[in-house]
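Colleague: only geometry, no sequence info:
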């Protein structure tokens with residue numbers, strides 16, 4: 001029987017945690033943003049609200065979004081009239097959709113990450129699953145292990161109801177786990193669906209129009225581990241150097257629960273203006289916003305993947321647009337800010 005001292009002295013990882021692979025997934029169904037106002041008001045039987053529809057069109061036009069993906073379809077909304085009234089009782093059907101679709105969407109992204117990683121899934125020691133889309137027991141973390149056939153002794157962490165900053169939260173937790181012991185490999189999954197947010201327009205709650213214009217469905221997955229085994233063709237794309245979370249003082253309600261990141265044209269414009277960034281500095285984030293909308297926790301991971309792939313395609317020399325150091329920000333309810341300092345690698 002090993003002593004407590006020997007257990008406590010189990011070897012920790014030598015280096016920093018790194019992102020070893022990224023996978024992404026979106027539902028097949030997508031809607032062009034230019035067509036969304038007509039569709040939204042038609043399927044919610046709200047076309048008589050002409051002024052509200054015109055306002056919604058203006059909001060959609062200003063989002064800088066081209067299209068968004070959704071697990072729900074026009075047929076689904078039509079078949080469930082509870083979605084056509086702003087506060088109609090509909091928790092059960094929303095829960096059913098989230099419990100069914102979130103594990104599948106997350107598993108699709110995870111399978112792509114594992115394929116890119118190129119290692120046997122038996123090497124995965126930990127799973128972090130994050131969503132703000134519904135709750136169930138057993139949760140999507142359990143469902144994912146069954147779909148992918150992960151080892152039953154994989155250590156699971158389930159994170160609910162964090163919001164847009166949670167893409168940074170998952171990296172912070174994954175770093176702690178990956179550096180705690182040698183050989184740890186963490187599968188991080190963020191999966192979101194707007195089924196829990198979708199509701200008909202209301203004159204009394206016009207602030208909700210922004211939510212209906214911005215958010216979308218998607219999932220991201222990452223493999224995080226320290227000390228990549230290059231003899232097994234395991235390579236890092238970004239090194240997670242440091243992480244932090246801060247709750248801004250006296251900021252409760254400033255966001256109202258919905259701050260899009262990296263998408264949300266307003267927040268990107270403010271970052272450009274306040275930090276004095278060059279116009280091209282946030283083009284990756286703007287591209288993710290344009291092509292996918294705001295997928296809450298998954299969005300920043302999409303941006304990391306886009307940056308890495310674009311940098312390789314353009315021959316930039318590093319995964320970070322040719323630069324060595326970078327910072328990932330996640331903003332969300334609270335106001336909560338997650339900050340992750342990353343070091344790119346040479347390619």
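Modeller: Nice, I can see it. Keep in mind that this is a model prediction, so the values were computed, not measured.
Colleague: Name the residues of the longest helix along the chain that are buried.
Modeller: Across the chain, the longest stretch assigned as helix under DSSP state H is helix 91-117. Buried residues in helix 91-117, counted by 16 or more other CB atoms under 10 Å: 94-95, 97-114, 116-117. For the C-beta atoms, the positions are set from N, CA and C on the backbone; glycine is no exception.
Colleague: Kindly state the pLDDT recorded for residue 287?
Modeller: With respect to pLDDT, residue 287 scores 90.
Colleague: Not counting its neighbours along the chain, what's nearest residue 293?
Modeller: residue 216 (3.3 Å; CB to CB, 6 or more residues apart in numbering).
Colleague: Quick check: that neighbour touching residue 194?
Modeller: Yes - applying CB atoms under 8 Å as the test, residue 216 and residue 194 come out as touching, 6.4 Å apart.
Colleague: list residues touching both of those two?
Modeller: residue 70 (CB atoms under 8 Å, 6 or more residues apart in numbering).
Colleague: Which one of these two is surrounded by more residues?
Modeller: Remark: of residue 216 and residue 194, residue 216 carries more neighbours, 27 against 23, as counted by other CB atoms under 10 Å.
Colleague: ok, back up a step: after the longest helix of the chain, next one along is what?
Modeller: strand 126-131 (DSSP states H and E).
Colleague: Return the set of residues that bridge with the residue lying closest to residue 123 once chain neighbours are set aside.
Modeller: Residue nearest to residue 123 in three dimensions, not counting chain neighbours: residue 185, with 5.1 Å by CB to CB, 6+ apart. For residue 185, the beta-bridge partners are residue 225 (DSSP bridges).
Colleague: distance of residue 185 from residue 236?
Modeller: 12 Å (CB to CB, to the nearest Å).
Colleague: Quickly list what's touching both of these two.
Modeller: Shared contacts of residue 185 and residue 236 (CB under 8 Å, 6+ apart): residue 20.
Colleague: in the stretch 201-347 of the chain, which segments are predicted with low confidence?
Modeller: Within the stretch 201-347 of the chain, the segments meeting pLDDT under 70 span 247-280, 334.
Colleague: Write down the beta-bridge partners of residue 339, one by one.
Modeller: Under the criterion used (DSSP bridges), residue 339 bridges to residue 244, residue 329.
Colleague: separation between residue 186 and residue 58?
Modeller: 43 Å.
Colleague: If you count surrounding residues, which of the two has more?
Modeller: More neighbours surround residue 186 than the other of residue 186 and residue 58, with 27 against 12 (other CB under 10 Å).
Colleague: pLDDT score assigned to residue 195?
Modeller: Confidence score, pLDDT, at residue 195: 90.
Colleague: can you check residue 134 too?
Modeller: 76.
Colleague: Could you pull up the contacting residues of the spatially closest residue to it that is not a sequence neighbour?
Modeller: Spatially, and ignoring its direct neighbours in sequence, residue 134 is nearest to residue 98 (2.8 Å; CB to CB, 6+ apart). Counting by CB under 8 Å, 6+ apart, residue 98 touches 131, 133, 134, 136, 193, 195, 196.
Colleague: Tell me which of these fall in strands.
Modeller: Using DSSP state E, the members of the contacts of residue 98 that fall within strands are residue 131.
Colleague: can you redo the contacts of residue 98 as TSV with distance to residue 37?
Modeller: Formatted as TSV, the contacts of residue 98 follow (distance: CB to CB, whole Å):
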residue	distance to residue 37
131	28
133	24
134	26
136	33
193	21
195	19
196	21
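Colleague: What distance do you get for the spatially most central residue of the chain to residue 343?
Modeller: For the chain, residue 298 is the residue whose C-alpha lies nearest the centre (CA atoms, centre = their mean; 0.9 Å). Distance, residue 298 to residue 343, using CB to CB: 23 Å.
Colleague: Next, the angle from the longest helix of the chain to strand 126-131.
Modeller: Between helix 91-117 and strand 126-131, the angle comes out at 140 degrees (axes from the mean of the first three to the mean of the last three CA atoms, to 10 degrees).
Colleague: so how far is helix 91-117 from its chain's centroid?
Modeller: 12 Å (CA atoms, centre = their mean, to the nearest Å).
Colleague: correct me, but the residue nearest to the centre of the chain touches residue 193?
Modeller: No - between residue 298 and residue 193 no contact is recorded; they are 10.6 Å apart, counting by CB under 8 Å.
Colleague: neighbours around the residue nearest to residue 123, how many?
Modeller: With other CB under 10 Å as criterion, residue 185 counts 22.
Colleague: Do a quick rundown of the helices in this structure.
Modeller: 4-8, 36-43, 50-61, 74-79, 91-117, 140-148, 166-178, 208-214, 265-275, 283-292, 299-313.
Colleague: and stretch 59-69, how far apart are its ends?
Modeller: Stretch 59-69 has its terminal residues 18 Å apart, counting by CA to CA, to the nearest Å.
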